[in-house]
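> Sequence below, structure please.
(chains A and B)
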Number of protein chains: 2
Amino acid sequence: MLIVKKFGGTSVADKDRIFNVAKRCIRDYEAGNDVVVVLSAMGKYTDELIAKAKDINPNPPKREMDMLFTIGEQMSVSLMAMAMAQLGVRAVSLNAFQVPMRTTSAYGNARLKKIDTERIRRELDDRKIVIVTGFQGVNKYDDYTTLGRGGSDTTAVALAAVLHADACEIYTDVDGVYTADPRLVPTARKLESISYDEMLDLAALGAGVLHSRSVELAKKYGVQLVVRSSLNESEGTIVKGVGKKMERMLISGVALDREADRISVIGIADVPGSAFKLFHTLAKNNINVDIIIQSVGRDGTKDISFTVPHNNLDEAVELLNNCKDQLGFDHIEYNCDVVKLSVVGSGMMSHPGVAAKMFECLYNENININMIATSEIRITVLIPEKDALRAMNAVHDAFGLAE
Amino acid sequence: MLIVKKFGGTSVADKDRIFNVAKRCIRDYEAGNDVVVVLSAMGKYTDELIAKAKDINPNPPKREMDMLFTIGEQMSVSLMAMAMAQLGVRAVSLNAFQVPMRTTSAYGNARLKKIDTERIRRELDDRKIVIVTGFQGVNKYDDYTTLGRGGSDTTAVALAAVLHADACEIYTDVDGVYTADPRLVPTARKLESISYDEMLDLAALGAGVLHSRSVELAKKYGVQLVVRSSLNESEGTIVKGVGKKMERMLISGVALDREADRISVIGIADVPGSAFKLFHTLAKNNINVDIIIQSVGRDGTKDISFTVPHNNLDEAVELLNNCKDQLGFDHIEYNCDVVKLSVVGSGMMSHPGVAAKMFECLYNENININMIATSEIRITVLIPEKDALRAMNAVHDAFGLAE
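Numbers count the residues shown, from 1 in each chain, chains lettered A, B, ... in the order given. As a prediction, the model looks like this:
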């Protein structure tokens, strides 16, 4: 078997954890498997690098930021190779230049284009454990790039795809995918398996275990993932194509996203193209917009509200104000005291009552709904931050997820 | 003009120093020059990396050690590029893969083989300051290597050679090359210029300002160096071919090396080949031997004494004891309480009285000489450590170096 194992920053945060990971990998290796390990930067090291950079230049060039970021994973992989050597096993660390791992040019948010497997194959054939830097790539200018949030997961899935791996294990600091964040919902339950699409919605909605890009990639190439803890031997959750169970759950999880802020553009001209111009301006600047609501305003204008990630709020507001004349609106309002609460489940496709049940539950809890968005397999509401926990637990239990 | 400027770890140890270096480079750039900057790792960062590695594996694989080391310079160059951007100047950082900077395979002690100048030229033509990682290279396996001690100086000199630079400036924490270490000899005087050969001997003898490998390379390719301080505007010392002054100084400097230990192999068989076997054993293990003395021992045996760097002492003694039967000696003695004191100067080639003058000076100071070694342009003595400072000052002044 060829196994790709990915460990996040907390799993390699210190010496003990590095050895813990090394031993897990060696166990698979000594059972006769080929083992490829993908690592993130240790603990909060990436945050330390950001602080170092910002201290020198509050707005550092993205190309140089990626040059700085990539040292984090290079530290992890070289120390891991040393740990494995200390345990008597041959290992080799590889960075993005050495694989090489080719990406698009976009610094800070590149996409993988092509992974050369020759070097990795050669090292595996030489019976070494191969330890690859996650998160990083090299663009056509021979410059380092990084893959953005969840980048190391994406690296692992992509490697599993090109190497035709038999398994791709994503190790994290939780046991698997839960019906809701167990730190917030005491009755949350771990799922044995979940479909790519459900996982995608959970990921997009802030469930945090896997980033949606890695799940998209896994779906595209049919890479079956296992999400499990690096700290215990628990079985984890399998992420795969649609399951074959006869009885499917109505919904598979409840997700809370505290990072969403609401922006309202008030009094925009009610003419064709105004919404296009508005969202085009944001898209050009790589600002992801979620829930969108348009309502009738006064005097032949309309109001458009939408949510953006919290760390894009200032930029989005500034961008829009800079284009005020061109977009033709009256003013902008925003609200940071809101959260997105979502229920996800492919079972709801054939059960039209899910939305109603969720709204009823929130009504019973006397929680006001700001905005609503739905897709085939999810329902998302924007609610006041102060009600977040109560709403999450109520909805989780209302759908019988606590079993 | 194309100027290569190299800054050591202390010159980029913190934010203020990074900006100080950035401004110096920008001054040259804005005067219309092409500027290539070579940087070492910040401050004591390399030592921190060694500590991290040894904590995980006391004897880490050299390949992985180099993989870890190279992040130090990559941090320096990316932060420097950010500092220059903050000051409004376009700059680009490059690591050994990006240049690329090809070396021999030897991890931890590689030698530069070939530097591709295409990328650097292109960035210079684009009017960017180019910031290159010192100390590191890439071998034929596409693995990182490091150049060993003084490696960043070597990188700078090599870049100056292949780019046909008009100047190569080595910035350090001292003002230039002195007749002796000014911290030890208060009357020491800065030299305006010094020949490659004299600098080589000073470097080899522990004067510490430049590593001998970089000086050898500069001599080979005729790269004129300037050694100067990054902390002030002092003129520094020019290192070049033989000067043209009519009146040359007898000696140009006094160097003290505290890192030398003496080993004596007592009672070795007085037969052909015994010295060869002894030093071959040490050479095979990359232990550099300096001053060697052979004396007649008892009963048809002889004693051989020599000096080794302090950090090789344990290994050397162990190696020799392991080969005791094969080498056929009685026992080994060693002494760490000794230092090497040297006078250097190409002027002494035509003045036979230099050695006598040095010995007389030490005799007047009542300092016992353990061992003596001479070359055409240097005289080295091994003396007790307790006498080191007194001897150094006495010799320095005896040769009129205080002016």
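
> Please say whether there is contact between stretch A:11-19 and chain B.
Yes. Using C-beta under 8 Å from any C-beta of the partner chain, stretch A:11-19 reaches chain B at A:15, A:18-19. For every residue, glycine as well, the C-beta is placed using N, CA and C.

> ditto for stretch A:32-43
No. Using C-beta under 8 Å from any C-beta, stretch A:32-43 never reaches chain B; the gap is at least 9.6 Å.

> Pull out the buried residues from that stretch.
A:33-43 (16 or more other C-beta atoms under 10 Å in any protein chain shown).

> quick one: which of the residues of stretch A:11-19 next to chain B is nearest to residue B:231?
The closest of those to residue B:231 turns out to be residue A:15 (C-beta to C-beta; 37.1 Å).

> Now for the closest one, how many residues are close by?
13 (other C-beta atoms under 10 Å in any protein chain shown).

> you'd agree it is up against residue B:55?
Yes. With contact defined as C-beta atoms under 8 Å, residue A:15 counts as touching residue B:55 (5.9 Å).

> List the ones among the buried residues of stretch A:32-43 that fall in strands.
A:34-39 (DSSP state E).

> Can you give me the first-to-last residue distance of stretch A:160-176?
19 Å (C-alpha to C-alpha, to the nearest Å).

> So for the residue nearest to the spatial centre of chain A, what's the nearest residue that isn't a sequence neighbour?
A centroid search over chain A (C-alpha atoms, centre = their mean) returns residue A:211, at 1.9 Å, as the residue closest to the centre. Among residues not flanking residue A:211 along the chain, residue A:150 sits closest, at 2.1 Å (C-beta to C-beta, 6 or more residues apart in numbering or on different chains).

> shouldn't that neighbour be in contact with residue A:209?
No. Counting by C-beta under 8 Å, residue A:150 does not reach residue A:209; the two are 9.9 Å apart.

> Which one of those two is surrounded by more residues?
Taking neighbours as other C-beta under 10 Å, residue A:150 and residue A:209 compare with residue A:209 leading, 25 against 21.

> Which helix or strand contains the more buried one?
Assigned by DSSP states H and E, residue A:209 belongs to no helix or strand.

> Report the contact partners of the nearest residue to residue A:21 once chain neighbours are set aside.
Leaving aside its chain neighbours, residue A:21 sits nearest to residue A:7 (5.1 Å; criterion: C-beta to C-beta, 6+ apart). Residues counted as contacts of residue A:7 (C-beta atoms under 8 Å, 6 or more residues apart in numbering or on different chains) are A:21, A:37-40, A:171, A:230.

> So residue A:261: helix, strand or coil?
strand (DSSP: H, G, I helix; E, B strand; the rest coil).

> neighbours around it, how many?
22.

> Ok, residue A:364 next?
Counted with other C-beta under 10 Å, residue A:364 comes out at 10.

> Give me the pLDDT for the residue nearest to it when sequence neighbours are not counted.
Nearest residue to residue A:364, sequence neighbours excluded (C-beta to C-beta, 6+ apart): residue A:394, at 7.4 Å. Listed pLDDT for residue A:394 reads 93.

> I'd like to know how far residue A:394 sits from chain B.
48 Å (C-beta to the nearest C-beta, to the nearest Å).
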